[in-house]
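[1] Predicted coordinates and the sequence they were generated for:
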Amino acid sequence: MPAPRSSVRTAAARPARTTARTGTTRTRTAGTGTAGARTAAPRPPLTAQEAQALRAVLAARAAATPDRAAAPSRRTSTGRSSTGRSSTGRRPGSATRARTSRKRRTTSARRAPLRRWLPTADGRRWRVRLSLAALGLVLPVLAGLVSPGTQATSTAAEPTDTTGLALAAQGSLLDAATRYRALERDLAARHAELASARAAEQSAQRQATAARATVGTGAAGLYRASAEARNPLLQLDVRAAAATPDVLHGTALAERVAQELEVDVVLAERAGVDLTLTTRRVTVAEAALATVRAQAAAVLAEVRAEVGGLRTDVAAQLAALGTARAAAAQQDANQAALRRWQEHLGVLALAGVESPPAADLADPTALPAGLSPALDGSGQPIPGVAWAVAGNRPVTVLPAETVAAVSSALAQVGKPFVPGGTGPDAYDCGGLAAASWLLAGYAIPTAAGDQWAHGAAVPLSQLQIGDLVHADGGQDVGVYLGEGQVVAASAAGYQVGVRPVGDASAAVRVTLPAPAQPNAALPAGTAGRGACGAPPAPVGPVSPAWGGWSNGTIPATALCPIARGHALRCDAAAGYAALADAYRAAFGSPLCITDSYRSRGAQVTAFRAKPALAAVPGTSNHGWALAVDLCGGVNVAGTVQSAWMAANAGRFGFVQPDWARQGGEKPEPWHWEFGHLA
């Protein structure tokens, strides 16, 4: 009967297939073991970027092979279905294979729409093309990650645009300036330690000299004394018993002198040890001072090297990095000076002229190739600068350090003036000049008078961009910009800005060697101005308007903070800080404040809330950042705190207007103003 024969053949075939599959499994296992033996050495761990690139490659490979992987599956599924149809449906596992076949048919059905739109050959071709495109995008990334000499994963890319390079240069220069200021403080401490050590050495020297002199005097006395005086016992005589007490008394005196001499010797030895120790302390202090001085010099050399390699266009952009703004007229003057400076540097850049180091321009007779000596009106060479030809006209070539100093100074325009300020947020006139030149690799004093005393003086007829121009007897200084203008921190305008030179009396050039002896003091100014152009002290009340701003429109960049959410004009802020320190010392608690500068909008809000107390918007002295409202007892008349304010606030520049005093038109014991305001 055919059916049993067919059944026997099928049953006999199944073990063969099972054996073949088992053998295949064993073969694969063996192969895997062999591969494992070949790769027993541990592989280095992949970085995150390498792993991501590898996953992208594997994904691209998987996208390239689904058709090829599906073809054998379809063939296998077809073969099994025919086998299942030729055999009986009662075989074990037939239901499972049927479900598998249905799943594969479902998958094929899902792919059917794609095959309807895209023929099999074309679909395979497009999949290959897409796979190659993906590999073309991924493989360069992977190659860049694993190839030698590539950039470290944690290293940020260097900026390439001019603004980015200028910001990077500014950050680097500011970091170097911060390090130098720290070394400068350390240098001052080392100087103080050396001075103390030398004073101790001198004191020990005097003590050692005095102790040695005492020992010498005693030893000389013994040397000149007779034998009987040194040893009175030699005078004992059995035949002169009455003289024995005198001999014994002399012996006691001689022993006392010898003991005192021994004490003097010990003291002299101790003084010698102290002198040795203090001398060693001086040596250590001198070595420490020399070390810090060398570190500071290295920082300055580093800055000069950096600005020496600064591109001209980057230096021009460096001058435009300032973000503070001034009032309309002052802002126009600032921007005009900035444009003129950038145009000058642009001419040099177009001509391919690079600013050389200052050392290369110090001697007009030995200038770099392509440069000629700059001449003044009388035909005399000007040291420290040179001329080059740009197009068909000569242009002034400044040292790279001067270019960096001027650009750094222009980047500070609009920042507030504060007495003693050295930056980076507020300046006085000497502090601005010192900070600008420090960013060029030159350390000069921060006081305007000291800058004149220790600078290389140049005649006003040879004035060049970057020179420090002094006025008012040396109390005021600015960085010369050409065209009769300087950039300076003005006590009259309360901010850094461009202004005319005015009645300048002298100038110094920072890049030239300092004089061996200090310059003679400048004659006193005749305008009656104070430090940094401060106007003379007013006789009566003064207008509170300043800086060209209108009431309540002063930007935050022109003010200085005094407490959280409070700010004043910077000189008023300095006075308030001193007042707050004195108040804390007197009462042990901070000075309480409720109001300071009020913008126009804040004045409107205050007037709506308290029309009987608040001033009409646009008329409040709070809008000039010159008034404060205090609390914590100061706001109540007759308290200890208000009495202290009345007695001490004037020392710090704060007064209470007549209308706010007790018995005034509108008593407000909490209201205080900086100066007598009109």
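    Structure received. Residues are numbered from 1 along each chain as shown.

[2] Could you use CA atoms for every contact and neighbour count after this?
    Fine.

[3] show me where pLDDT drops low in the stretch 151-300 of the chain?
    151-160 (pLDDT under 70).

[4] Domain parsing of the protein, as residue ranges.
    Listed by automatic domain parsing, the domain ranges of the chain are 50-79, 162-308, 328-533, 556-674.

[5] Which stretch among those approaches residue 322 most closely?
    With CA to CA as the criterion, residue 322 lies closest to domain 328-533 of the domains of the chain, at 4.3 Å.

[6] quick one, which of the domains of the chain is nearest to residue 543?
    In terms of CA to CA, the element of the domains of the chain nearest to residue 543 is domain 556-674, at 10.0 Å.

[7] ok, residue 613 - contacts?
    By CA atoms under 8 Å, 6 or more residues apart in numbering, residue 613 lies in contact with residue 607.

[8] That one belongs to a helix, doesn't it?
    No: checked against DSSP: H, G, I helix; E, B strand; the rest coil, residue 613 lies outside a helix; its state is coil.

[9] ok, now how distant is it from residue 637?
    17 Å (CA to CA, to the nearest Å).

[10] Need the single longest helix in the protein, by residues.
    helix 244-308 (DSSP state H).

[11] Distance from that helix to the middle of the chain?
    Between the centre of helix 244-308 and the centre of its chain there are 42 Å (CA atoms, centre = their mean, to the nearest Å).

[12] name the helices or strands packed onto it?
    helix 162-224, helix 227-230, helix 400-410 (3 or more CA pairs under 8 Å, 6 or more residues apart in numbering; DSSP states H and E).

[13] Using JSON lines, lay out the ones you listed together with mean neighbour count and distance to residue 278.
    Formatted as JSON lines, those follow (neighbours: other CA atoms under 10 Å; distance: least, CA to CA, whole Å):
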{"stretch": "helix 162-224", "mean neighbour count": "17", "distance to residue 278": "5"}
{"stretch": "helix 227-230", "mean neighbour count": "16", "distance to residue 278": "38"}
{"stretch": "helix 400-410", "mean neighbour count": "28", "distance to residue 278": "43"}
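
[14] any chance you could map the helices in the stretch 301-450 of the chain?
    312-318, 328-350, 400-410, 429-438, 448-453 (DSSP state H, counting those that start in this stretch).

[15] now the second one, how far from the centre of its chain.
    Counting by CA atoms, centre = their mean, helix 328-350 is centred 26 Å from the centre of its parent chain.

[16] what's the angle from the longest helix of the chain to helix 162-224?
    Inter-element angle recorded for helix 244-308 and helix 162-224: 160 degrees (by axes from the mean of the first three to the mean of the last three CA atoms, to 10 degrees).

[17] Give the buried residues for stretch 388-400.
    388-390, 395-400 (16 or more other CA atoms under 10 Å).

[18] next one: stretch 487-503
    Those would be 487-501, for stretch 487-503 by 16+ other CA under 10 Å.

[19] What of stretch 628-646?
    Within stretch 628-646, judged by 16+ other CA under 10 Å, the buried ones are 628-631, 633-637, 641-642, 645-646.

[20] Would you quantify the distance from residue 192 to residue 281?
    As judged by CA to CA, residue 192 and residue 281 stand 13 Å apart.

[21] Please enumerate the strands of the stretch 351-500 of the chain.
    372-375, 381-390, 393-397, 456-458, 468-471, 476-482, 485-490, 495-500 (DSSP state E, counting those that start in this stretch).

[22] Those into a markdown table, with extra columns for distance to residue 662 and mean pLDDT?
    Formatted as a markdown table, these follow (distance: least, CA to CA, whole Å; pLDDT from 0 to 100):
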| stretch | distance to residue 662 | mean pLDDT |
| --- | --- | --- |
| strand 372-375 | 68 | 92 |
| strand 381-390 | 64 | 93 |
| strand 393-397 | 65 | 92 |
| strand 456-458 | 57 | 95 |
| strand 468-471 | 45 | 95 |
| strand 476-482 | 41 | 96 |
| strand 485-490 | 37 | 95 |
| strand 495-500 | 36 | 94 |
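
[23] which one of those strands lies closest to residue 339?
    Of the strands of the stretch 351-500 of the chain, nearest to residue 339 by CA to CA is strand 476-482, at 11.5 Å.

[24] Can you give the distance from that closest one to the centre of its chain?
    25 Å.

[25] ok, residues contacting that strand?
    337, 341, 406, 409, 429-430, 433, 448, 464-471, 486-489, 501, 531-533.

[26] Direction included, what does it pair against?
    If you go by DSSP bridges, strand 476-482 pairs up with strand 468-471 (antiparallel), strand 485-490 (antiparallel).

[27] Redo these as JSON lines? Include distance to residue 420.
    Shown next, in JSON lines, are the strands paired with strand 476-482 (distance: least, CA to CA, whole Å):
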{"stretch": "strand 468-471", "distance to residue 420": "17"}
{"stretch": "strand 485-490", "distance to residue 420": "11"}
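
[28] Tell me the one among the buried residues of stretch 628-646 nearest to residue 327.
    residue 628 (23.6 Å).

[29] Now name the helix or strand holding the closest one.
    strand 627-630 (DSSP states H and E).

[30] Would you confirm that residue 327 contacts residue 546?
    No: if you go by CA atoms under 8 Å, residue 327 and residue 546 don't touch, sitting 9.7 Å apart.

[31] which residues do the two both contact?
    With CA under 8 Å, 6+ apart, residue 327 and residue 546 have no common neighbours.

[32] Report the contact partners of the closest residue in space to residue 303 that isn't next to it in sequence.
    Leaving aside its chain neighbours, residue 303 sits nearest to residue 441 (4.9 Å; criterion: CA to CA, 6 or more residues apart in numbering). Residues in contact with residue 441, defined by CA under 8 Å, 6+ apart, are 299-304, 401.

[33] run the last query once more with 10 Å
    173, 176-177, 180, 297-308, 401-402, 404-405, 511 (CA atoms under 10 Å, 6 or more residues apart in numbering).

[34] Residue 267 now?
    Contacts of residue 267 (CA under 10 Å, 6+ apart): 207-208, 210-212, 214-215, 261, 273.

[35] redo that, cut-off 8 Å
    residue 211.

[36] I'd like the numbering to begin with 38 instead of 1 from here.
    With the count now opening at 38, the last piece we talked about shows up as residue 304.

[37] Would you quantify the distance from residue 617 to residue 627?
    7 Å.

[38] Who has more neighbours out of the two?
    residue 617 (19 against 14; other CA atoms under 10 Å).

[39] returning to what we had before: closest to residue 272 out of the strands paired with strand 513-519?
    Of the strands paired with strand 513-519, nearest to residue 272 by CA to CA is strand 505-508, at 86.7 Å.

[40] and residue 131, what pLDDT?
    Per-residue confidence for residue 131 comes out at a pLDDT of 46.

[41] actually residue 652, not the one I wrote
    pLDDT, residue 652: 88.

[42] just the one 3 residues further on next, same as before
    Reported pLDDT at residue 655 in the predicted model: 93.

[43] cool, the one 10 residues further on as well?
    Residue 665 is assigned a predicted lDDT (pLDDT) of 96.

[44] Any idea what it is bridged to?
    residue 709.

[45] residues contacting it?
    Neighbour list for residue 665: 630-634, 659, 707-710 [criterion: CA under 8 Å, 6+ apart].

[46] Tell me what angle the longest helix of the chain forms with helix 437-447.
    90 degrees.

[47] Find the residue at the geometric middle of the chain.
    Central residue of the chain (CA atoms, centre = their mean): residue 212, 3.8 Å from the mean position.

[48] need the contact list for that one.
    No contacts exist for residue 212 under CA under 8 Å, 6+ apart.

[49] pLDDT weak spots in the stretch 388-537 of the chain?
    Regions of the stretch 388-537 of the chain meeting the criterion pLDDT under 70 are absent.

[50] give me that answer again for 90
    399-402, 413-417, 427-430, 456, 460, 509-510, 529-530 (pLDDT under 90).
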